[in-house]
Structure formats: structure tokens, C-alpha cells
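Enquirer: one predicted model, sequence on top.
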Amino acid sequence: MHHPSHDPECIFCRIVAGEIPSKKVHEDEHLLAFHDIHPWAPVHFLMIPKAHIPSMAHLGAEHAGLMGHLMTLAPQLAQAQGCNPYPDGGFRMVINTGAEGGQEVHHLHVHVMGGPRPWSKG
Ligand code: 5GP
Ligand code: ZN
């Protein structure tokens, strides 16, 4: 699939394009969600915009709708993936940004983690 802001060097753009396989959790016109390849928690998936936005530091007002869609969808996906209900269950969302923020893949992604503890990390 061609996307106007596809970066052929980017691993997550290659997942969006179907060039690298992923275990999909959700897909719509603007977003893709898939399981993290190295999960830290019983539930651990990533939510990404299909467009190549490198990080949170690249967001502008034009992305408010996209990010609002992502944030409001996350709880539904978390529940569908097996996170237990709030308040005894719940989930954690993490967005690493830049080197000091611990970002390794430079295509904006939101980690959504949950399930019974202990977790291997986080
Ligand atoms: P970051 O440190 O950038 O926030 O996290 C990147 C995440 O992407 C890591 O948790 C890593 O396991 C995950 N990841 C990296 N490459 C792949 C991949 O090819 N497929 C999947 N499903 N996850 C990946
Ligand atoms: Zn990308």
C-alpha cells in the first residue's frame, strides 16, 4: 500500500505497507495497531499513525484529530486484547520521544500494556 508520507527506510512504515509481517490488533484509514515483538506485559501492543510522523516532537495542530482518535480508541483496544477492567485492572500507555526519552523506532508509536502483574518491565 502506498502512503503519501511513507518512508521506505522506516520499519513501521514497512509494517504499514505489509512488507514486514505484524500481528494486527486494529486497522483503519489512519491508524494501525499491532503486537509488540518483545512484549513487557501479558498485553503489549503498539498504536501508530499510518503516516510517517517521526515522534511526538513533530506534532502540530493538524494532528489533533488523529491523536484524539488514537487516545479514545486505546481503551477499547486494551479491553479487547484482554486488559482487565478499571479500576482493578487497567493499562499503561507510554510514548518514548527522542534519544533521552528512550525512543528507538522513529515513527510515532504508543505502547499500550496491561494484564496481570508482574510484568517483565515497566
Ligand atoms: P521504543 O523504544 O522506540 O518506544 O520502542 C520500539 C518498540 O518497537 C519496542 O518495544 C520493540 O520491541 C518494537 N519493535 C521493534 N521492531 C519491531 C517489529 O519489527 N515488529 C514489532 N511488532 N515490534 C517491533
Ligand atoms: Zn515510518
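Expert: That came through, no problem. Ligands and ions are numbered 1, 2, ... in the order given.
Enquirer: contacts, neighbours, all on C-alpha from now
Expert: Fine.
Enquirer: get me the contact residues on this structure for ligand 2.
Expert: Cys10, Phe12, Cys13, His52, His107 (CA under 5 Å from the ion).
Enquirer: so who does the first one touch?
Expert: Applying CA atoms under 8 Å, 6 or more residues apart in numbering, one finds that Cys10 lies in contact with His106, His107.
Enquirer: and the residue nearest the centre of the chain, helix, strand or coil?
Expert: Centroid check for the chain by CA atoms, centre = their mean gives Met47 as the closest residue, at 2.1 Å. With DSSP: H, G, I helix; E, B strand; the rest coil as the basis, Met47 sits in strand.
Enquirer: next, the closest residue to it other than its chain neighbours: phi, psi?
Expert: Distances taken as CA to CA, 6 or more residues apart in numbering place Ala33 nearest to Met47, at 4.3 Å, with adjacent residues excluded. Note on Ala33: backbone dihedrals following degrees, to the nearest 10 are phi -130, psi 140.
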